[in-house]
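Q: here are the coordinates; sequence isn't available:
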Ligand code: ADP
Ligand code: MG
């Protein structure tokens, strides 16, 4: 692995210990993420994907292995992480605006500059006229946008997305996932997206990391080059290479289920 990675994981392993015994979740897992890259991680249900993100987010410590960081700002500091989960976790008793500034409030970072940025995002993401509404009054897609603004408000250098669209119905998911990923791409952020949707991974990511069944290890990495790349992620599903990638991924993953 070279130094060009913003984040390198090498031989990461992790086990859960409970009263009922040990569950090995990750086994000697290695890969890297470059600055500005969009990496999707796919793997069978229960293989250890969320565990992997929790380790990268620093919520749990790996049992073995090392994580090396090259912060884009040139320092050795761990990158600022934004973490978006399957559920939007918006608080119903706070307005949309109060929700999106929650992280800033908690971290005591309510500077004029950050609040201006939040207002800009509300405008850019079409939520300006909903800022005083309750989350319950928004559509599923709008709620995900609000959750994204709350995450981006903290100016993360690395975005971790753990199946953020899987609570949406299929049709909504198609448009919302394309839409949100397009918005994040515009920010130039580095992204790690976990998904169990192979088509979603192909249409959105620059590279796909396929994990084995539990304990997860990296089975293969597939760089994605679609010839319709300048078009929307929805249109990219019509790219001639799409089917080839899908079949390749399916071959890798079908024996792992
Ligand atoms: P995925 O996100 O790929 O579905 P997870 O990382 O959530 O998988 O879980 C990997 C394995 O670890 C699963 O078998 C799960 O049951 C187990 N596991 C996850 N969290 C815990 C926990 N807090 N305690 C014990 N076992 C856990
Ligand atoms: Mg999970």
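A: Okay, I see it. Just so we're clear, the structure is a prediction, and the values are computed from it rather than from any experiment. Ligands and ions are numbered 1, 2, ... in the order given.

Q: From now on I want contacts and neighbour counts done on CA atoms only, so please keep to that.
A: Noted.

Q: Show the average pLDDT along stretch 80-93.
A: Averaged over stretch 80-93, pLDDT sits at 88.

Q: Same question for the longest helix along the chain: list its buried residues.
A: As assigned by DSSP state H, the longest helix anywhere in the chain is helix 170-187. Of all the residues in helix 170-187, those buried under the rule 16 or more other Cα atoms under 10 Å are 173, 174, 176, 177, 178, 179, 180, 181, 183, 184, 185.

Q: Excluding sequence neighbours, find me the nearest residue to the third one.
A: Spatially, and ignoring its direct neighbours in sequence, residue 176 is nearest to residue 141 (5.6 Å; Cα to Cα, 6 or more residues apart in numbering).

Q: Report the beta-bridge partners for the nearest residue to residue 223 once chain neighbours are set aside.
A: Once flanking residues are discounted, residue 223 sits nearest to residue 207: 4.1 Å by Cα to Cα, 6+ apart. Judged by DSSP bridges, the bridge partners of residue 207 are residue 39, residue 223.

Q: give the contact list for residue 207.
A: Contacts for residue 207 (Cα atoms under 8 Å, 6 or more residues apart in numbering) come out as 38, 39, 40, 221, 222, 223, 224.

Q: near ligand 1 at all, stretch 4-16?
A: Yes. Using Cα under 6 Å from any ligand atom, stretch 4-16 comes into contact with ligand 1 via residue 16.

Q: can you list contacts of that stretch?
A: With contact meaning Cα under 8 Å, 6+ apart, stretch 4-16 is reached by 1, 22-35, 62-72.

Q: sorry, back to before: regarding the residue nearest to residue 176, which helix or strand does it belong to?
A: Element membership for residue 141 (DSSP states H and E) is helix 140-152.

Q: picking that back up, list, out of the contacts of stretch 4-16, those positioned next to ligand 1.
A: Of the residues in the contacts of stretch 4-16, proximity to ligand 1 by Cα under 6 Å from any ligand atom holds for residue 25.

Q: what about burial for the contacts of stretch 4-16, which qualify?
A: Of the contacts of stretch 4-16, these count as buried by 16+ other Cα under 10 Å: 24-35, 62, 64, 67, 69-72.

Q: ok, now which ones touch the residue of the stretch 151-257 of the chain at minimum distance from ligand 1?
A: Distances between the stretch 151-257 of the chain and ligand 1 by Cα to the nearest ligand atom are smallest at residue 214, namely 6.8 Å. Residues near residue 214 by Cα under 8 Å, 6+ apart: 24, 25, 26, 46, 47, 48.
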